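**Student:** dropping the sequence and predicted coords here.
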Amino acid sequence: MEKTLIILKPDALQRTLVGEIIQRLERKGLKLIGMKMSRLDDAVLRAHYAHIVDKPFYKDIETFMQSAPVVILAVEGFECVDAVRLIVGPTNPRLADAGTIRGDLAIGNGRNLIHASDSKENGEIEVSRFFAKDELYSYERTDTPDVYSPAERK
(Lines give C-alpha, C1' and ligand atoms only; values in the text may rest on other atoms or scores of the structure.)
Protein backbone atom coordinates (compact mmCIF):
# COMPACT_ATOMS: atom_id res chain seq x y z
CA MET A 1 0.00 0.00 0.00
CA GLU A 2 1.07 3.54 -0.75
CA LYS A 3 1.82 6.08 2.00
CA THR A 4 1.43 9.83 1.94
CA LEU A 5 1.95 12.76 4.29
CA ILE A 6 -0.67 15.31 5.25
CA ILE A 7 -0.05 18.41 7.33
CA LEU A 8 -3.06 20.19 8.75
CA LYS A 9 -1.75 23.73 8.80
CA PRO A 10 -2.21 26.32 11.55
CA ASP A 11 -5.37 27.70 9.93
CA ALA A 12 -7.02 24.25 10.13
CA LEU A 13 -6.22 24.11 13.84
CA GLN A 14 -7.23 27.72 14.55
CA ARG A 15 -10.51 27.34 12.65
CA THR A 16 -11.30 24.04 14.43
CA LEU A 17 -11.45 22.07 11.17
CA VAL A 18 -9.05 19.26 12.14
CA GLY A 19 -11.80 16.76 12.97
CA GLU A 20 -13.77 17.46 9.80
CA ILE A 21 -10.69 17.09 7.60
CA ILE A 22 -9.65 13.81 9.23
CA GLN A 23 -13.23 12.56 8.93
CA ARG A 24 -13.22 13.25 5.18
CA LEU A 25 -10.02 11.23 4.76
CA GLU A 26 -11.35 8.34 6.82
CA ARG A 27 -14.70 8.33 5.04
CA LYS A 28 -12.83 7.93 1.75
CA GLY A 29 -11.42 4.68 3.14
CA LEU A 30 -7.89 5.90 3.83
CA LYS A 31 -6.13 4.47 6.86
CA LEU A 32 -4.39 6.67 9.42
CA ILE A 33 -1.06 5.05 10.28
CA GLY A 34 0.51 7.98 12.14
CA MET A 35 -0.71 11.17 13.77
CA LYS A 36 0.87 13.83 15.97
CA MET A 37 0.79 17.52 16.80
CA SER A 38 3.99 19.51 16.45
CA ARG A 39 5.51 22.95 16.14
CA LEU A 40 7.71 23.10 13.06
CA ASP A 41 11.19 24.55 13.40
CA ASP A 42 13.19 26.43 10.74
CA ALA A 43 15.26 23.40 9.72
CA VAL A 44 12.26 21.14 9.13
CA LEU A 45 10.43 23.84 7.19
CA ARG A 46 13.46 24.57 5.01
CA ALA A 47 13.85 20.86 4.23
CA HIS A 48 10.14 20.43 3.56
CA TYR A 49 9.85 23.55 1.39
CA ALA A 50 13.33 23.32 -0.19
CA HIS A 51 11.80 23.77 -3.65
CA ILE A 52 10.53 27.28 -2.75
CA VAL A 53 12.91 28.44 -0.01
CA ASP A 54 14.47 31.01 -2.39
CA LYS A 55 11.11 32.47 -3.45
CA PRO A 56 10.05 35.90 -2.12
CA PHE A 57 6.90 34.46 -0.50
CA TYR A 58 8.77 31.77 1.50
CA LYS A 59 9.21 33.93 4.62
CA ASP A 60 5.43 34.39 4.85
CA ILE A 61 4.94 30.62 4.60
CA GLU A 62 7.56 30.02 7.29
CA THR A 63 6.00 32.60 9.62
CA PHE A 64 2.51 31.20 9.02
CA MET A 65 3.56 27.56 9.51
CA GLN A 66 5.14 28.52 12.86
CA SER A 67 2.18 30.64 14.04
CA ALA A 68 0.52 27.66 15.77
CA PRO A 69 1.02 23.92 16.03
CA VAL A 70 0.24 21.68 13.07
CA VAL A 71 -1.28 18.20 12.97
CA ILE A 72 0.80 15.76 10.97
CA LEU A 73 -0.75 12.62 9.52
CA ALA A 74 0.66 9.61 7.72
CA VAL A 75 -2.02 7.93 5.62
CA GLU A 76 -2.00 4.64 3.78
CA GLY A 77 -4.15 3.25 0.99
CA PHE A 78 -4.25 1.99 -2.58
CA GLU A 79 -3.04 4.85 -4.79
CA CYS A 80 -3.60 7.13 -1.80
CA VAL A 81 -1.47 10.04 -3.05
CA ASP A 82 -3.88 10.63 -5.93
CA ALA A 83 -6.91 9.97 -3.73
CA VAL A 84 -5.76 12.51 -1.13
CA ARG A 85 -4.93 15.14 -3.75
CA LEU A 86 -8.41 14.71 -5.23
CA ILE A 87 -10.06 15.16 -1.81
CA VAL A 88 -7.85 18.16 -0.95
CA GLY A 89 -8.27 20.11 -4.22
CA PRO A 90 -5.87 22.54 -5.93
CA THR A 91 -3.42 24.69 -3.95
CA ASN A 92 -5.44 27.82 -4.71
CA PRO A 93 -8.75 27.26 -2.89
CA ARG A 94 -10.56 29.67 -5.22
CA LEU A 95 -9.92 27.17 -8.04
CA ALA A 96 -10.97 24.14 -5.99
CA ASP A 97 -14.21 22.35 -6.75
CA ALA A 98 -17.04 22.21 -4.24
CA GLY A 99 -16.78 18.96 -2.33
CA THR A 100 -13.01 19.21 -1.87
CA ILE A 101 -11.49 20.26 1.44
CA ARG A 102 -10.11 23.49 0.02
CA GLY A 103 -13.16 24.13 -2.15
CA ASP A 104 -15.52 23.85 0.80
CA LEU A 105 -13.45 25.24 3.65
CA ALA A 106 -10.81 27.70 2.38
CA ILE A 107 -10.64 30.80 0.21
CA GLY A 108 -7.24 32.45 0.77
CA ASN A 109 -4.38 31.19 -1.40
CA GLY A 110 -1.79 31.47 1.37
CA ARG A 111 -4.09 29.90 3.97
CA ASN A 112 -5.26 26.69 2.33
CA LEU A 113 -5.57 24.43 5.41
CA ILE A 114 -3.61 21.39 4.29
CA HIS A 115 -0.43 20.06 2.72
CA ALA A 116 -0.56 16.77 0.85
CA SER A 117 2.38 15.00 -0.80
CA ASP A 118 2.37 15.48 -4.56
CA SER A 119 3.81 12.10 -5.61
CA LYS A 120 4.33 8.57 -4.35
CA GLU A 121 8.07 9.25 -4.04
CA ASN A 122 7.57 12.50 -2.11
CA GLY A 123 4.98 10.76 0.07
CA GLU A 124 7.60 8.25 1.20
CA ILE A 125 10.24 10.96 1.71
CA GLU A 126 7.89 13.25 3.62
CA VAL A 127 6.49 10.49 5.85
CA SER A 128 10.06 9.57 6.83
CA ARG A 129 10.93 13.25 7.42
CA PHE A 130 8.14 13.70 9.97
CA PHE A 131 7.72 10.21 11.48
CA ALA A 132 10.17 7.75 13.02
CA LYS A 133 9.47 4.12 12.12
CA ASP A 134 8.15 3.42 15.62
CA GLU A 135 5.57 6.21 15.21
CA LEU A 136 3.87 4.43 12.28
CA TYR A 137 1.35 1.69 12.95
CA SER A 138 0.42 -1.36 10.93
CA TYR A 139 -3.05 -2.79 11.50
CA GLU A 140 -5.93 -4.21 9.52
CA ARG A 141 -9.05 -2.05 9.27
CA THR A 142 -12.13 -4.21 9.59
CA ASP A 143 -13.78 -2.46 6.63
CA THR A 144 -10.89 -3.09 4.21
CA PRO A 145 -12.81 -5.76 2.21
CA ASP A 146 -15.64 -3.25 1.81
CA VAL A 147 -13.28 -0.50 0.60
CA TYR A 148 -10.91 -2.39 -1.73
CA SER A 149 -11.20 -5.23 -4.20
CA PRO A 150 -8.94 -8.24 -3.55
CA ALA A 151 -6.48 -7.06 -6.22
CA GLU A 152 -6.15 -3.65 -4.52
CA ARG A 153 -5.40 -5.18 -1.11
CA LYS A 154 -2.17 -6.86 -2.20
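**Tutor:** Looks like it arrived, so ask away.
**Student:** number of residues surrounding residue 17?
**Tutor:** For residue 17, the count of nearby residues is 20 (other Cβ atoms under 10 Å). Placement of C-beta: from N, CA and C, glycine included.
**Student:** would you map the strands across this structure?
**Tutor:** According to DSSP state E, the chain carries its strands in the segments 2-8, 31-38, 70-77, 114-116.
**Student:** can you redo the ones you listed as JSON lines with mean pLDDT, mean neighbour count and distance to residue 139?
**Tutor:** Below are the strands of the chain laid out as JSON lines (pLDDT from 0 to 100; neighbours: other Cβ atoms under 10 Å; distance: least, Cβ to Cβ, whole Å):
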{"stretch": "strand 2-8", "mean pLDDT": "97", "mean neighbour count": "23", "distance to residue 139": "14"}
{"stretch": "strand 31-38", "mean pLDDT": "98", "mean neighbour count": "16", "distance to residue 139": "8"}
{"stretch": "strand 70-77", "mean pLDDT": "97", "mean neighbour count": "23", "distance to residue 139": "10"}
{"stretch": "strand 114-116", "mean pLDDT": "97", "mean neighbour count": "23", "distance to residue 139": "22"}
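**Student:** which one of the ones you listed lies closest to residue 126?
**Tutor:** Between residue 126 and the strands of the chain, the shortest gap by Cβ to Cβ is with strand 2-8, which sits at 3.7 Å.
**Student:** which elements pack onto that closest one?
**Tutor:** Packing contacts for strand 2-8, counted by 3 or more Cβ pairs under 8 Å, 6 or more residues apart in numbering; DSSP states H and E, involve helix 18-28, strand 70-77, helix 80-88, strand 114-116, helix 120-130.
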